[in-house]
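K.L.:
Let me see the structure of the following:
(one chain, ligands or ions: 1)
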Amino acid sequence: MDELIIAGKAYSSRLLIGTGKYKDFDETRRAVEESGAQIVTVAIRRTNIGQNAGEPSLLDAVPPSQYTYLPNTAGCYSADDAIRTLRLARELLDGHDLVKLEVLGDPKTLYPNVVETIKAAEVLVKDGFKVMVYTSDDPIIAKQLEEIGCVAVMPLASLIGSGMGILNPWNLQIIIDNAKVPVIVDAGVGTASDAAIAMELGCDGVLMNTAIAGAGNPVLMASAMKKAVQAGREAFLAGRMPKKLYSASPSSPTTGMIGK
Ligand SMILES: CC(=O)[C@@H](O)[C@H](O)COP(=O)(O)O
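P.N.:
Numbers count the residues shown, from 1 in each chain. Model (predicted):
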């Protein structure tokens with residue numbers, strides 16, 4: 001078994017997906033099912049998980065009895081705001097303590113504000129939350145967040161919703177090499193090959209939303225992402241052949257060739 005372990009719990013899928021930006025909850029449900037994801041993020045400030053009685057609820061489309069909910073702090077720009085949002089989530093979800101912390105720097109780039117993120121992580125970890133944390137691809141900050149006690153670090157591939165793919169594989173590699181907790185690339189994945197590359201680098205998982213929800217056919221893209229994450233993981237475990245820079249090597253043997 002090659003399982004992803006987060007905060008002591010094992011998951012067979014290494015693809016985590018967001019539940020926002022779909023046409024309706026039925027499309028969300030079909031994409032989540034097709035992706036094989038077991039962990040789904042929920043933007044507490046934007047998604048009805050029972051706060052608005054009488055309105056369609058994510059709880060019905062993606063039941064928390066079948067999936068691990070990962071409440072997130074999308075839309076929070078300060079540590080205080082993020083802390084308040086996750087305490088509310090814990091109340092709404094009956095003491096659920098696995099959460100995704102993201103504190104954003106500005107509405108244009110949605111780039112993480114790492115100073116506020118660190119402040120919030122310190123408070124939340126002390127408060128008993130199991131914190132998976134969205135961060136920049138800065139290896140020093142990633143290590144600091146791990147040392148605070150976050151259960152997973154989630155560096156961006158590129159800006160949220162941009163689909164630009166992995167901008168700095170070198171930084172991700174340093175983060176992976178130094179980490180003792182799972183490293184999950186979060187945000188910026190555009191298509192299946194981006195997810196495969198993240199996994200080939202040695203990431204423990206990939207979290208995405210827009211690449212699936214914003215695709216022409218979200219359900220088909222969810223299926224592609226599932227396979228890409230699996231393929232990338234297998235390629236990582238298999239071990240890449242050594243690169244031969246500008247030196248070819250024939251695929252068939254040359255010894256015993258006729259006429260030699
Ligand atoms: C869904 C989630 O939790 C976010 O971190 C974010 O939306 C992911 O980014 P993309 O939408 O670029 O995949």
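K.L.:
now the end-to-end length of stretch 165-182.
P.N.:
In stretch 165-182, first residue to last residue: 20 Å (Cα to Cα, to the nearest Å).
K.L.:
Sort out which residues of that stretch are buried, please.
P.N.:
Within stretch 165-182, the residues that qualify as buried are Gly165, Ile166, Asn168, Asn171, Leu172, Ile174, Ile175, Ile176, Ala179, Val181, Pro182, counting by 16 or more other Cβ atoms under 10 Å. C-beta coordinates here come from the backbone N, C-alpha and C atoms, glycine included.
K.L.:
Stretch 94-105 too?
P.N.:
His96, Asp97, Leu98, Val99, Lys100, Leu101, Glu102, Val103, Leu104, Gly105.
K.L.:
Who are the contact partners of the third one?
P.N.:
Yep, that's Leu98 we're talking about. Ile6, Ala7, Thr68, Tyr69, Leu70, Phe129, Lys130, Met132, Val151 (Cβ atoms under 8 Å, 6 or more residues apart in numbering).
K.L.:
just those residues now: which is nearest the ligand?
P.N.:
Leu70 (7.5 Å; Cβ to the nearest ligand atom).
K.L.:
so the closest one bridges to which residues?
P.N.:
Counting by DSSP bridges, Leu70 is bridged to Thr41.
K.L.:
residues near it, how many?
P.N.:
For Leu70, the neighbour count with other Cβ atoms under 10 Å is 22.
K.L.:
Test for you: state the pLDDT assigned to it.
P.N.:
We have a pLDDT of 95 for Leu70.
K.L.:
what does Tyr67 give?
P.N.:
Looking at Tyr67, its pLDDT reads 95.
K.L.:
tell me the contacts of the residue nearest to it when sequence neighbours are not counted?
P.N.:
Closest residue in space to Tyr67, ignoring its immediate chain neighbours: Val40 at 5.1 Å, by Cβ to Cβ, 6 or more residues apart in numbering. Val40 makes contacts with Leu16, Ile17, Gly18, Thr19, Val32, Val62, Tyr67, Thr68, Tyr69, Leu70, as judged by Cβ under 8 Å, 6+ apart.
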